[in-house]
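Trainee: based on what follows, work out the 3D shape:
(2 chains)
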Amino acid sequence: MPEVSKFVSSRLGKTFKGLFGSSTGWITFIGLAILVFYVILAVFAPYLAPYDPVKRVGRSLQPPSPEHRFGTDNLGRDVLSRVIYGARIALVIAFLSVAIASAIGIPLGLISGYIGGIFDRTLTLVMDAMYAFPGLILAIAIAALLGPGIMNIAISIAVVYAPTYFRVIRNQVTSVKNELYVEAARAIGARRWEILLKYILPNVFPSVVVVLSMNLADAIMTEAGLSFLGLGIAPPTPDWGFDLSNGRRFILSRAWWALLYPGLAIITVVLGFSMFSEGLNEFLNPNVREKR
Amino acid sequence: MVLELKDVKIHYKTSKGMVKAVDGVSFDVDEKETIGLVGESGSGKSTLGYGIMKLLPRTAKVGGRILLDGENLADKNEKEMQRIRGAKIAMIFQDPMTSLNPVMKVRDHFVEMIKTHNPEMSEEDAQKLASKALEAVGIDPVRMNDYPFQFSGGMRQRVMIALGLVLNPKVVIADEPTTSLDVIVQAQILELLKSLKEKYNMSMILITHDLGVVAEMADKIAVMYAGHLVEFSESEKIYYEPKHPYTKALLESIPNTDINDLELKFIPGSPPDLVDPPKGCRFAPRCPVAKKICFEKEPPTVEVNGSKVKCWIYEGDNDGNG
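Mentor: Below is the predicted model:
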């Protein structure tokens, strides 16, 4: 059907035009570019890194030079290689923790919002109590309890963010479930789980996606914070947060490079996620989109 | 007789007490018959429509008997109702702009519905059925692949109607199907409903506050006031010889385009509080011809010249001149 495909492609073209026609379109694109850059770093780390990130490859605290572009740290390890490998830990933990958080928060929010009543009230209370804790403190407490390790860090971050998903989803569901099209779905004999999965979830999903991409940025920050405090990944593994706290000790020896580059990596990847989610928000929010 | 309502009561539990939104309504719907259900806002006409479908919130209790082909819907639980809704009794809603799922293509609305009731039917057969239904309401079946937002209000209402008819239900409940549409589209939709009703052999309950709409569509008219059915008769009789004082007042309050009659008539007062309704006739406080007994005892439903009227003024004389 050539006519249909032409129609689809022209619509796609319009979408892109709309995306780049506005300033947020560019912001989204830059954010996406940063993210793609870091994903490539993480995936191809063994090919991109000039040295083994956990081995002594030069003298301690050497400033940037042609052999070590980002210098070396106090144990003589190549900072560039550590920053490249660090992307792996950062992204894995970010995605893992957001996946766990949404796996807890989304179904609970859906059911709680849809069923309502005493179940909803109890769950909301529990989630609000969790939400009332300062995020990092709660993560520290859980991380201290579970001990170091990728999975444990991801779980402790996930516990902090699950209430956010729960609240966003639950509140959206309570308003969407009163929409006429949900009523109409009941009027055609749709079952409850069908209404929940086919009529309510797709309509609350855009806001989840935005929270998701924002949480990815937060998760990286929290992970860096935990590692900075020594509660993160076990030492020789390259990790931006740990390198940051390690480098801080030698700032007085004027070894700025051991601190600057992991810090820059954290800042840019978080910025990338935020910019991307900003654009995504505009793109997925029908109210904003229709005004274009 | 397709649908039989017998002493239907719908009560809501609220913090102030029981709201008796529908209180003892009885009427029959014959095959291929259109019943216009009229009344002002808050009279319980929509509640009755939703109550027949059992689409009310959990705080509502449906009493009495709602017999659809002999099956009492009032006793059915949610699971049993799911099989009946859409297949035997369908509903068309007031606002077509919001009654379709914005993230689902029109085709998927049909496939969902058909497969819910006929799980063994193939996707292709379901689509064929959908094409037929869309053609019947005057929409090119190619547009099945579009999303609801790509349709205008009138088109969406056509889609909703097609969706209601696709499984050939016995009864369609249309809750103010044209209220949110402009006059030209209104006329088209009403004409469409009329012709489809003939074609598909359906009965229809048309809920509206627009007496012009029912005049055009309905075979019989049921007038509701404050949860009571105050008058039930054939359309002509309602228009040319209204029996109940409320019906008379309602007909007088229709605005017209006559330049010599610029005064807007209305019924003084407002409908009673349904938590604690008046002891006698619910219309008595606003009624121009209320007698002493009207405030004391609920009027019986009497038959006057073929009309059923719930009023005291016909007690003792049956000539219908009250």
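Trainee: just give me the residue right at the centre of the chain.
Mentor: By default, I'm working from chain A. Taking C-alpha atoms, centre = their mean, the centroid of chain A lies closest to A:L216, which sits 0.8 Å from it.
Trainee: my question was about chain B, not that one.
Mentor: Nearest to chain B centroid, counting by C-alpha atoms, centre = their mean: B:I207, 2.8 Å.
Trainee: list the contacts of that residue.
Mentor: Counting by C-beta atoms under 8 Å, 6 or more residues apart in numbering or on different chains, B:I207 touches B:L37, B:K45, B:S46, B:L48, B:G49, B:I173, B:A174, B:D175, B:E176. For every residue, glycine as well, the C-beta is placed using N, CA and C.
Trainee: in chain B, what secondary structure element scores lowest on mean pLDDT?
Mentor: helix B:211-217 (a mean of 82; mean pLDDT, DSSP states H and E).
Trainee: tell me which helix or strand comes right after it.
Mentor: With elements assigned by DSSP states H and E, the helix or strand that comes after helix B:211-217 is strand B:220-225.
Trainee: pull the number of nearby residues for B:F266.
Mentor: The criterion is other C-beta atoms under 10 Å in any protein chain shown. On that basis, B:F266 has 10 neighbouring residues.
Trainee: just the pLDDT for the nearest residue to it once chain neighbours are set aside.
Mentor: Using C-beta to C-beta, 6 or more residues apart in numbering or on different chains and skipping the chain neighbours, the partner closest in space to B:F266 is B:S253 (5.4 Å). As predicted, B:S253 sits at a pLDDT of 80.
Trainee: what does chain A put close to chain B?
Mentor: A:4, A:179-181, A:183-192, A:194, A:198-199, A:202-203, A:286 (C-beta under 8 Å from any C-beta of the partner chain).
Trainee: contacting residues for the residue nearest to B:D146 when sequence neighbours are not counted?
Mentor: If you skip the residues right next to it in sequence, B:D146 has B:V106 as its closest partner in space, 5.9 Å away by C-beta to C-beta, 6+ apart. Applying C-beta under 8 Å, 6+ apart to B:V106 gives the contacts B:L100, B:L134, B:R143, B:M144, B:N145, B:D146, B:Y147, B:P148, B:F151, B:V159.
Trainee: so where is chain B shaky, pLDDT-wise?
Mentor: Chain B contains residues with pLDDT under 70 at B:261-262, B:316-322.
Trainee: can you show me the helices along it?
Mentor: B:45-53, B:78-84, B:106-117, B:123-136, B:153-165, B:183-200, B:211-217, B:235-240, B:245-252 (DSSP state H).
Trainee: ok, now the stretch 151-292 of chain A?
Mentor: Taking DSSP state H, counting those that start in this stretch as the criterion, the stretch 151-292 of chain A contains helices spanning A:180-187, A:192-194, A:201-228, A:240-248, A:257-284, A:286-291.
Trainee: how near is the residue nearest to B:D146 to chain A?
Mentor: 12 Å (C-beta to the nearest C-beta, to the nearest Å).
Trainee: same check, this time on B:G44
Mentor: From B:G44 to chain A the distance is 18 Å (C-beta to the nearest C-beta).
Trainee: what's the answer for B:M53, then?
Mentor: 6 Å.
Trainee: for that residue, what are its contacts?
Mentor: Contacts of B:M53 (C-beta under 8 Å, 6+ apart): A:A187, B:M81, B:R85, B:I89, B:M91, B:I173.
Trainee: what's the answer for B:K115, then?
Mentor: Taking C-beta under 8 Å, 6+ apart, one finds B:M121, B:E123, B:A126 in contact with B:K115.
Trainee: and the first one, how many neighbours?
Mentor: This points to B:M121. Neighbourhood size, B:M121 [other C-beta under 10 Å]: 14.
Trainee: that one touches B:F110, doesn't it?
Mentor: No - in this structure, B:M121 is not within contact of B:F110 by C-beta atoms under 8 Å, at 11.3 Å.
Trainee: in the longest helix seen in chain A, which residues are buried?
Mentor: For chain A, the helix with the greatest residue count under DSSP H is helix A:79-115. Residues of helix A:79-115 classed as buried by neighbour count (16 or more other C-beta atoms under 10 Å in any protein chain shown): A:79-94, A:96-98, A:100-102, A:104-106, A:108-114.
Trainee: quick revisit: so which of the helices of the stretch 151-292 of chain A gets nearest A:A144?
Mentor: helix A:201-228 (9.5 Å; C-beta to C-beta).
Trainee: shaky segments in the stretch 1-150 of chain A?
Mentor: Short version for the stretch 1-150 of chain A, where the test is pLDDT under 70: A:1-24.
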